[in-house]
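A.B. asks: Structure for the following, please:
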Amino acid sequence: MDQYNPGDQRELTVPKTVGLAYSQALQYLGLTVLASGILLGCYQVFAWLKTGTWHAYSLLTAFAYMLDWLRTLSRGRLQRELLDWINNPTDRLGLHTMVTGILGFVPLSLVLVAVGLLFFMGTLRSER
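C.D. replies: Model (predicted):
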C-alpha cells in the first residue's frame, strides 16, 4: 500500500487536462452515436411489430438527407452534381451501381452502432 508523501504531489499538467477533456468529449460523442443507432434499430423493430412493414434506413438514405441539408444550408449555391449523379447518372454507370448498391445495402443503425463503439472503445484505450 502506498504511503502519503507530501513532497510527491502529482498534478495534472495543462496538456494532460486538455487531452483528458478531449478524450471525454469523444467518449460522450461515441455513446451518443451508439445510443442513436440502438434507438433507430429499436424504432424499426417496434414499427415492424406494429404495422408488419419494415422501414429500412440505409446509408443511401442518410447521405441523401445530408446532401439535401447541405444544399439547404448553402441556400442552393452548393453544386448539385453529386446529388444529380446519384439520382440520374449519365456517366460512370458501373461505379454508380456499385456505390448505390453498397450504400443501399448497409443499414444505418448498424453503422451508427459500429462507429459509436469505435469512438467509445478508442477513447477507453487512450486513457490507459
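
A.B. asks: contacts, neighbours, all on C-alpha from now
C.D. replies: OK.

A.B. asks: Any stretches of the chain with poor pLDDT?
C.D. replies: Screening the chain residue by residue with the criterion pLDDT under 70, one finds the ranges 1-19, 74-80, 83, 124-128.

A.B. asks: any idea which helix or strand carries the nearest residue to residue 89 once chain neighbours are set aside?
C.D. replies: Spatial nearest neighbour of residue 89, excluding adjacent residues (CA to CA, 6 or more residues apart in numbering): residue 96 at 7.1 Å. Residue 96 is part of helix 93-105, with elements assigned from DSSP states H and E.

A.B. asks: how about that helix as PDB, C-alpha atoms only?
C.D. replies: Output of helix 93-105 as PDB, limited to C-alpha atoms (Å, rounded to 0.1, in the frame of the first residue of the first chain):
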ATOM      1  CA  LEU A  93     -22.700   3.700 -64.600                       C
ATOM      2  CA  GLY A  94     -20.700   0.800 -63.100                       C
ATOM      3  CA  LEU A  95     -19.400   3.000 -60.300                       C
ATOM      4  CA  HIS A  96     -22.900   4.300 -59.700                       C
ATOM      5  CA  THR A  97     -24.300   0.800 -59.500                       C
ATOM      6  CA  MET A  98     -21.600  -0.300 -57.100                       C
ATOM      7  CA  VAL A  99     -21.800   2.900 -54.800                       C
ATOM      8  CA  THR A 100     -25.600   2.900 -54.600                       C
ATOM      9  CA  GLY A 101     -25.700  -0.900 -54.100                       C
ATOM     10  CA  ILE A 102     -23.300  -0.700 -51.200                       C
ATOM     11  CA  LEU A 103     -24.900   2.400 -49.600                       C
ATOM     12  CA  GLY A 104     -28.400   1.000 -50.200                       C
ATOM     13  CA  PHE A 105     -27.500  -2.400 -48.600                       C
END
